[in-house]
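>>> Test case, fold it:
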Amino acid sequence: MRFIESRLFAAISLLPVASQFFLGAPASAATHPKYGGTLRVEVHAASVSLDPREWRPGSLDSATNEKLAELLFERLVGLDNYGRFQPVLATEWSHDNANKRWRFVIRAGVKFSDGAALSAEDVVAALQPLLPATQQISASGNTIVILSSVPAPDLLEQLASGRYFVYRASAGGPLVGTGPFILGEATTASAPTVDKNSTPSRADASAAAASRFAGPHLFFRANEEAWSGRPFLDAIDVALAVPPLRAMFDLQLGKADLVELAPDLIPRARQAGLRLWTSDPTTLFALRFDDAQPAGADAHLREAFSLALDRGTMASVLLQRQAEPAAALLPQWLSGYAFLFTVDSNLERAKELRRALPANEAGGSEPLRLRVDLAGDLPKLLGERVAVNARQASILVQVVARPVPRAGATPPPALADPASGVHLFAWHYSSLSPRAELDSLFAAYNLTEPSEVNATATDHEQLYARERRVLEDRRVLPLIIQAESVGLATTVRDWMPARWGEWHLADVWLDTPESAATQPSNATTSALAPGAKP
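Predicted coordinates:
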């Protein structure tokens with residue numbers, strides 16, 4: 001159970017880490033946490049999926065999905081802000097000398113929110129669809145074993161992040177978890193009905209469909225029977241599809257307690273004295289070339305293109321200094337070696353390389369088409385800035401923004417789209433394993449590597465070598481890496497998120513007069529109960 005003394009100790013111990021992200025502080029401090037209240041959250045996403053099996057690695061949607069799924073589900077292990085692994089649904093773990101056989105002991109006495117007891121078989125059913133093909137999972141008693149065909153020394157990083165939640169599929173309804181909250185009333189698109197005699201596979205598919213929501217609100221209520229203890233909040237009301245400017249106004253007017261902030265609004269929010277938090281960089285924007293147009297296949301043109309890019313202006317002007325110029329695919333906080341990569345911007349050299357190329361290559365007869373498939377104003381502005389930089393080096397670029405269809409709409413036929421030699425894409429970092437993140441990114445964009453490369457290595461020198469080989473070919477040109485920012489009401493207390501973007505809303509409480517003054521009867525002692533989460 002969640003006891004006040006343990007929470008205060010956690011708040012004090014994490015203060016040096018958490019406080020460095022604050023641009024403002026609460027006006028007053030309460031003497032102790034309070035139970036009760038509803039946290040009002042506003043996000044930009046118009047729809048969410050609470051089924052980890054549906055999440056695409058690297059997608060921008062996965063960022064919101066993961067934050068909200070953390071309310072319902074839990075992982076086997078967690079990672080604190082000091083880089084230490086913590087037991088969650090697994091109480092202990094071990095591995096062989098080769099890091100190919102991992103054994104986890106499942107915590108006893110844990111129940112799903114529907115009352116069913118958590119078993120090792122449930123963990124296997126949840127994780128097997130999520131694990132890579134090189135890993136197989138099995139259950140024996142209250143333990144699970146993950147066998148990997150290749151060494152997996154980073155398995156804990158993998159399981160402590162991303163979509164590796166433990167859940168249980170229930171026919172006809174959304175997935176259920178063991179987390180601190182339960183999905184309550186939601187104003188959503190209607191879920192499909194399920195026949196009671198449906199096969200397990202159909203039931204799973206129906207549960208997945210029932211775990212997709214298209215707003216305007218999702219409502220989460222406290223799980224009174226959570227093994228880790230009742231959260232302080234009574235409920236969390238999440239409003240979807242809130243425009244960035246309106247979200248900031250709602251925070252100022254006291255209509256919201258936690259809102260996502262767009263990069264261009266950070267200066268205004270800071271001037272208004274709002275309380276802000278910013279994560280480490282979590283999203284990469286980059287260009288990817290292919291052979292659909294001859295110009296995109298020319299290595300010399302790609303070099304000239306890269307030298308013409310002004311990444312500093314993109315980060316400082318377009319994103320109001322809420323991003324950094326990117327020279328690597330992985331950020332420094334994740335890889336540890338990103339500082340070894342440098343970004344060269346040399347317009348004169350770019351012009352020189354362009355003059356040595358045929359005049360009709362990326363010229364007036366057929367410009368190099370830059371495809372922007374991402375929704376929102378920022379990707380479009382980035383694409384236009386890239387085109388301006390390229391034209392300064394006499395490389396003619398035409399930005400092609402494909403309209404993003406609304407939910408349920410039929411996308412335009414692919415045959416109607418003109419061939420594009422370069423694409424602007426975004427990649428959201430979700431894994432705490434740099435090897436797993438590189439694997440997912442390379443697979444998503446068909447970035448081939450030499451056969452002699454050891455793609456299973458987790459050594460930083462070998463990971464750096466893998467990334468360097470891909471970047472040297474200039475098939476991918478990193479542009480910027482962007483952080484996430486949120487605005488917080490002064491009543492939000494014990495806000496201790498992970499620096500890589502997880503919100504940890506189960507730790508939050510509201511310092512408001514209407515918060516419940518009484519504590520639950522099971523929270524009157526100062527000692528941790530057996531089996532309670534530290």
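
>>> May I see the buried residues of stretch 259-274?
Residues of stretch 259-274 classed as buried by neighbour count (16 or more other C-beta atoms under 10 Å): Val259, Glu260, Leu261, Ala262, Pro263, Asp264, Leu265, Ile266, Ala269, Leu274. The way it works is simple: take the backbone N, C-alpha and C, and place the C-beta from them, glycine included.

>>> again, but for stretch 340-349
For stretch 340-349, burial by neighbour count (16+ other C-beta under 10 Å) applies to Phe341, Val343, Ser345.

>>> So, low pLDDT: which residues of the stretch 251-400 of the chain?
Across the stretch 251-400 of the chain, the ranges flagged by pLDDT under 70 are 364.

>>> My guess is Leu156 contacts Val77. True?
Yes. In terms of C-beta atoms under 8 Å, Leu156 counts as a neighbour of Val77; the distance is 5.7 Å.

>>> which neighbours do those two share?
Here Leu156 and Val77 have Phe85, Trp93 as joint contacts, going by C-beta atoms under 8 Å, 6 or more residues apart in numbering.

>>> what sits against Trp503?
The contact partners of Trp503, by C-beta under 8 Å, 6+ apart, come to Lys67, Glu70, Leu258, Val486, Pro497.

>>> Looking at these, which is nearest Tyr82?
Nearest to Tyr82 among those is Pro497, at 14.4 Å by C-beta to C-beta.

>>> Around the closest one, how many other residues sit close by?
Pro497 has 20 neighbouring residues, counting by other C-beta atoms under 10 Å.

>>> returning to what we had before: now the contacts of Trp503 in TSV, with secondary structure and distance to Ile395?
Listed next are the contacts of Trp503 as TSV, based on DSSP: H, G, I helix; E, B strand; the rest coil; distance: C-beta to C-beta, whole Å:
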residue	secondary structure	distance to Ile395
Lys67	helix	39
Glu70	helix	44
Leu258	strand	44
Val486	strand	38
Pro497	coil	42
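
>>> Compare these and tell me which is most surrounded.
Val486 (25 neighbours).

>>> I'd say that one and Leu261 touch.
Yes. Look at Val486 against Leu261 with C-beta under 8 Å: they come within range, at 6.1 Å.

>>> Between the two, which contacts overlap?
Leu276.

>>> and the gap between Thr512 and Asn389?
The gap separating Thr512 from Asn389 is 49 Å, by C-beta to C-beta, to the nearest Å.

>>> Name the residue in the two with the higher neighbour count.
Asn389 (22 against 15).

>>> Tell me who's in contact with that one.
Contacts for Asn389 (C-beta under 8 Å, 6+ apart) come out as Ala308, Leu309, Asp310.

>>> Mind telling me what element Leu156 is part of?
helix 155-159 (DSSP states H and E).

>>> How about Leu463?
Counting by DSSP H and E, Leu463 is part of helix 460-472.

>>> For that helix, what does the pLDDT average out to?
Averaged over helix 460-472, pLDDT sits at 92.

>>> which parts of it are buried?
For helix 460-472, the neighbour count (16+ other C-beta under 10 Å) marks Leu463, Tyr464, Arg466, Glu467, Val470, Leu471 as buried.

>>> what's in contact with stretch 392-400?
301, 304-305, 307-308, 347, 350-351, 354-355, 362-364, 367-372, 380, 383-384, 386-387, 390-391, 417-418, 420, 422.

>>> In helices, which of those residues fall?
301, 304-305, 307-308, 347, 350-351, 354-355, 380, 383-384, 386-387, 390-391 (DSSP state H).

>>> give me the low-pLDDT residue ranges for the stretch 51-200 of the chain?
185-200.

>>> For it, which segments are assigned as helices?
Under the criterion DSSP state H, counting those that start in this stretch, the stretch 51-200 of the chain carries helices at the ranges 61-72, 120-127, 155-159, 200-210.

>>> Packing partners of the third one?
This means helix 155-159. Under the contact criterion of 3 or more C-beta pairs under 8 Å, 6 or more residues apart in numbering; DSSP states H and E, helix 155-159 touches strand 77-79.

>>> now with 7 Å?
Helices and strands touching helix 155-159, by 3 or more C-beta pairs under 7 Å, 6 or more residues apart in numbering; DSSP states H and E: there are none.
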